[in-house]
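Student: Below is the sequence, then the predicted model.
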Amino acid sequence: MRKGILGTALLAVATALSALRMRGGRARDLPRRSDKELRDALDHIAYERVALDLAVRDFLHPAGRRAFDLEAALVHARNLTDFFWAPIRGRRVHRDGVYAGQYLPTNQWPTHSLRQLPSQRYDAISAQLAHISIKRSRSEGPRGFENEIADIAADLVNAWDRWRRSLEGDPVGSAARRCAHTSAR
């Protein structure tokens, strides 16, 4: 089943790539991306969405609750949080990063209108994933994500759905929209 979901998402990306074009007028804090770079990133973005769903499902399964399923979900949650929320709250963009706003004509993504739990928990998620870290074991550090991962994932799915809807009517974003729609199934 996992190969089928990912294969379907990647097939949609492959058939939709020709709709992208070079984007100009990017916000000064986002790196400039070429048509090819944005196209090449779509399959990875779809992978992160599908992988988050599968890791959360496996963790929440009655026979699950395994630490490595939770950590897998946190890795994909952190990657999607970067995609949707960077650059904010002192988090710099990565020189080679690709962000939700880069697929929009305005080059801006309205994070203020989203639930903020993934962004608020970003530093704690990062500390949890740093296996050798003093923050991981501090009582004031990351609290258990066992009770939060479903809410974090739901907020990321909401961001995903809003991103997909924001691409409607924009020929440049049509390939990304199809990718987002297909991988969300």
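Tutor: Looks like it came in fine. Residues are numbered from 1 along each chain as shown.

Student: so what secondary structure elements neighbour the longest helix belonging to the chain?
Tutor: Using DSSP state H, we find that the single longest helix of the chain is helix 35-60. Where contact means 3 or more C-beta pairs under 8 Å, 6 or more residues apart in numbering; DSSP states H and E, helix 35-60 is packed against helix 2-16, helix 67-85, helix 149-166, helix 174-183. C-beta here means a position set from N, CA and C on the backbone, and glycine is covered the same way.

Student: Phi first, then psi, for the residue nearest to E71 when sequence neighbours are not counted.
Tutor: Spatially, and ignoring its direct neighbours in sequence, E71 is nearest to L129 (6.6 Å; C-beta to C-beta, 6 or more residues apart in numbering). Main-chain dihedrals, L129, degrees, to the nearest 10: phi -80, psi -10.

Student: Tell me how far L129 lies from A73.
Tutor: Applying C-beta to C-beta, to the nearest Å, the value for L129 to A73 is 11 Å.

Student: Those two: which has the busier surroundings?
Tutor: A73 (26 against 15; other C-beta atoms under 10 Å).

Student: And the pLDDT at the more buried one?
Tutor: Note for A73: predicted pLDDT of 95.

Student: okay but it is in contact with A153, surely?
Tutor: Yes: contact criterion C-beta atoms under 8 Å: A73 and A153 qualify, at 6.7 Å.

Student: Can you work out which residues contact both of the two?
Tutor: With contacts taken as C-beta atoms under 8 Å, 6 or more residues apart in numbering, A73 and A153 have 52, 56 as neighbours in common.

Student: What is the least confident helix or strand in this structure?
Tutor: helix 2-16 (a mean of 50; mean pLDDT, DSSP states H and E).

Student: Where does H94 fall, secondary structure wise?
Tutor: Per DSSP states H and E, H94 falls between elements, in no helix or strand.

Student: Could you count how many residues lie near it?
Tutor: H94: 12 neighbours (other C-beta under 10 Å).

Student: Would you enumerate the residues in contact with it?
Tutor: H94 touches 82, 86, counting by C-beta under 8 Å, 6+ apart.

Student: Now it. Its backbone dihedrals?
Tutor: phi -80, psi 140.

Student: what do you get for R92?
Tutor: Torsion angles, degrees, to the nearest 10, at R92: phi -80, psi 160.

Student: Find the nearest non-adjacent residue to it, please.
Tutor: Leaving out its chain neighbours, R92 is closest to A86 (C-beta to C-beta, 6+ apart), at 7.7 Å.
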